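Undergrad: Give the three-dimensional model of this entry:
(one chain, ligands or ions: 1)
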Amino acid sequence: MAETFDLILTGGTIHTPGGAARADIGVRDGRIAAIGTGLGDAGERIDCTGLDVLPGVIDSQVHFREPGLEAKEDLESGSRAAVLGGVTAVFEMPNTKPNTDSAEAIADKLARARDRMWCDHAFYVGATAANATQLGELEMLPGTAGVKIFMGASTGDLLVAEDEPLARVLAHGRRRVAIHAEDESRMQARLGERVTGDPASHPVWRDDESALIATRRILALARAAARPIHILHVTTPAELALIAQHKDIATCEVTPQHLTLAAEDAYPRLGTWAQMNPPIRSAAHRDGLWHWLNQGVPDVLGSDHAPHTREEKAQAYPASPSGMPGVQTILPLMLDHVAAGRLTLERLIELTSAGPQRVFGLVGKGRIAAGYDADFTIVDLKARWTVEESWLAWRCGWSPFTGMQLTGRPLGTVIRGRQVMWEGELAPQATGRPVRFQATYRP
Ligand SMILES: NC(=O)N[C@@H](CC(=O)O)C(=O)O
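TA: As a prediction, the model looks like this:
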């Protein structure tokens with residue numbers, strides 16, 4: 001007798017670790033129960049004919065601003081944007097108000113996320129000089145993605161810049177630590193490079209060396225502490241060349257905006273709306289990131305979704321805050337790069353699903369295989385469309401990419417067997433849950 005499933009996805013090209021093939025996927029109790037053809041009965045079916053079924057996209061760097069900065073975003077609006085863009089899980093950053101730097105703050109975020117977040121989630125703990133010795137315990141709390149260090153000041157006031165407190169942070173705990181690598185003392189010494197009213201001076205101030213020096217320092221400190229690190233939003237080919245020599249201890253992330261925008265065009269066209277940390281740099285930098293991406297060096301793609309209100313961004317540089325939204329556009333932009341032949345779909349899947357699983361030790365996510373969570377991002381690789389402001393669900397309402405014509409579009413988002421989004425329509429209720437991590441690094 002044919003098996004009965006809760007859900008069957010039929011007729012799609014599915015992307016498993018073994019490659020791409022036409023097959024159906026049977027889901028039971030939120031997990032992938034079978035892959036094949038003629039699977040039998042199901043309570044529900046999703047017709048994926050002509051579409052590609054990818055493992056759910058995991059965005060391991062988003063700022064959803066709750067608590068304290070809800071004028072920019074909150075956990076509900078940010079995660080709604082995520083699922084509309086095909087993202088099934090996010091790891092959320094600690095530079096909220098108050099900072100997420102204690103067990104209470106993590107518990108508060110998890111409570112706020114319940115019944116309000118549309119996608120699965122985890123929260124980072126922000127490192128400070130004061131909580132350094134508690135981080136080994138804090139990073140093991142359920143729902144925690146690990147520790148985040150800001151070596152250079154950005155939005156908010158989280159900062160651990162000097163070697164001694166950095167070494168203390170790295171000494172407490174075992175899990176991989178996520179790093180914002182820009183060198184604070186160099187940037188402080190170069191404040192005079194900022195030209196009022198000219199955001200094109202942003203990458204002159206926060207220059208290549210600011211990033212490279214910080215990356216070099218944290219690699220040395222990580223090695224001394226035998227602590228694995230993950231370097232976020234890498235912007236210079238020189239850093240990727242260096243990280244390539246330290247893959248035993250370091251993983252890293254690149255963002256779609258650094259792979260898409262270049263200073264020569266972005267600052268004249270977008271002004272402060274292109275301002276972020278680390279900065280959008282030259283076309284030569286962008287091309288260098290692509291080179292290393294196709295050499296296999298970056299492990300993950302993250303959006304660094306960092307929304308600010310239009311009023312904030314409209315201020316004259318440098319009063320304007322750094323950061324741009326991106327959780328809803330991460331996959332569309334990258335599908336367009338696939339259509340343009342800049343990377344393969346397989347490499348994209350590695351960067352958005354298998355990569356985050358491997359880097360962070362996620363349990364049950366990151367691939368289409370029996371026993372894994374039934375998280376799928378269903379895409380139409382051929383759809384041609386334009387990013388309209390009306391499509392954006394995040395609270396700030398703008399994107400540097402509106403008006404852009406793209407090829408490739410997320411059509412559906414399935415999380416633990418639940419169809420959360422289909423053709424822009426959401427399920428009646430938000431049912432995101434905390435993700436789980438392997439206990440391998442338990443101190
Ligand atoms: N990327 C940014 O420019 N801004 C981020 C903080 C950060 O990641 O630097 C933000 O929270 O606004």
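Undergrad: can you list the residues of this structure near the ligand?
TA: Contact residues, the chain versus the ligand (CB under 6 Å from any ligand atom): His63, Asn95, Ser154, Thr155, His180, Met276, Asn277, Asp304, Ala306, Ser322, Gly323. Yep, even glycine has a C-beta here, placed from its N, CA and C like the rest.
Undergrad: will you turn the residues you listed into CSV that also has secondary structure?
TA: Shown next, in CSV, are the residues of the chain next to the ligand (DSSP: H, G, I helix; E, B strand; the rest coil):
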residue, secondary structure
His63, coil
Asn95, coil
Ser154, coil
Thr155, coil
His180, strand
Met276, coil
Asn277, coil
Asp304, coil
Ala306, coil
Ser322, coil
Gly323, coil
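Undergrad: Please identify which pair of the residues you listed lies farthest apart.
TA: Across the residues of the chain next to the ligand, no pair lies farther apart than Asn95 and Met276, at 13.7 Å, counting by CB to CB.
Undergrad: so where do the strands sit in the stretch 201-350 of the chain?
TA: Taking DSSP state E, counting those that start in this stretch as the test, the strands found in the stretch 201-350 of the chain are 229-231, 250-254, 300-301.
Undergrad: which of those strands sits most buried?
TA: strand 300-301 (a mean of 28; mean count of other CB atoms under 10 Å).
Undergrad: Which stretches in the stretch 201-350 of the chain count as helices?
TA: Using DSSP state H, counting those that start in this stretch, the helices of the stretch 201-350 of the chain run over residues 202-205, 208-225, 237-244, 256-260, 263-270, 283-294, 310-313, 330-339, 345-349.
Undergrad: would TSV of the ones you listed with mean pLDDT and mean neighbour count be doable?
TA: What follows is the helices of the stretch 201-350 of the chain, written out as TSV (pLDDT from 0 to 100; neighbours: other CB atoms under 10 Å):
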stretch	mean pLDDT	mean neighbour count
helix 202-205	98	20
helix 208-225	98	20
helix 237-244	98	20
helix 256-260	98	22
helix 263-270	98	17
helix 283-294	98	17
helix 310-313	98	14
helix 330-339	98	23
helix 345-349	98	20
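Undergrad: quick one: which of the ones you listed is nearest Ile106?
TA: helix 208-225 (23.2 Å).
Undergrad: Packing partners of the closest one?
TA: helix 163-171, helix 184-189, strand 229-231, helix 237-244 (3 or more CB pairs under 8 Å, 6 or more residues apart in numbering; DSSP states H and E).
Undergrad: elements contacting the last one?
TA: Counting by 3+ CB pairs under 8 Å, 6+ apart, the packing neighbours recorded for helix 237-244 are helix 208-225, strand 250-254, helix 283-294.
Undergrad: Could you export the longest one as PDB, CA atoms only?
TA: The reference is to helix 208-225. The C-alpha trace of helix 208-225 is given here as PDB (Å, rounded to 0.1, in the frame of the first residue of the first chain):
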ATOM      1  CA  ASP A 208      41.000  48.400   3.000                       C
ATOM      2  CA  GLU A 209      43.700  48.400   5.700                       C
ATOM      3  CA  SER A 210      41.100  49.000   8.500                       C
ATOM      4  CA  ALA A 211      39.400  45.700   7.500                       C
ATOM      5  CA  LEU A 212      42.700  43.800   6.700                       C
ATOM      6  CA  ILE A 213      44.400  44.800  10.000                       C
ATOM      7  CA  ALA A 214      41.400  43.700  12.000                       C
ATOM      8  CA  THR A 215      41.100  40.400  10.200                       C
ATOM      9  CA  ARG A 216      44.800  39.800  10.600                       C
ATOM     10  CA  ARG A 217      44.600  40.500  14.400                       C
ATOM     11  CA  ILE A 218      41.500  38.400  15.000                       C
ATOM     12  CA  LEU A 219      43.100  35.400  13.100                       C
ATOM     13  CA  ALA A 220      46.100  35.600  15.300                       C
ATOM     14  CA  LEU A 221      44.000  35.900  18.500                       C
ATOM     15  CA  ALA A 222      41.800  33.000  17.400                       C
ATOM     16  CA  ARG A 223      44.800  30.800  16.700                       C
ATOM     17  CA  ALA A 224      46.300  31.700  20.100                       C
ATOM     18  CA  ALA A 225      43.000  30.800  21.800                       C
END
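Undergrad: related to what we said a few turns ago, can you put the strands of the stretch 201-350 of the chain in a markdown table and add distance to Glu425 and mean pLDDT?
TA: Below are the strands of the stretch 201-350 of the chain laid out as a markdown table (distance: least, CB to CB, whole Å; pLDDT from 0 to 100):
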| stretch | distance to Glu425 | mean pLDDT |
| --- | --- | --- |
| strand 229-231 | 35 | 98 |
| strand 250-254 | 31 | 98 |
| strand 300-301 | 26 | 98 |
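Undergrad: Select, out of those, the one closest to Ser399.
TA: Taking the strands of the stretch 201-350 of the chain one by one with CB to CB, strand 300-301 is closest: 16.9 Å.
Undergrad: How about residues contacting the closest one?
TA: Counting by CB atoms under 8 Å, 6 or more residues apart in numbering, strand 300-301 makes contact with 60, 230, 251-256, 330, 334, 348, 351-352, 355-356, 359, all of which sit outside it.
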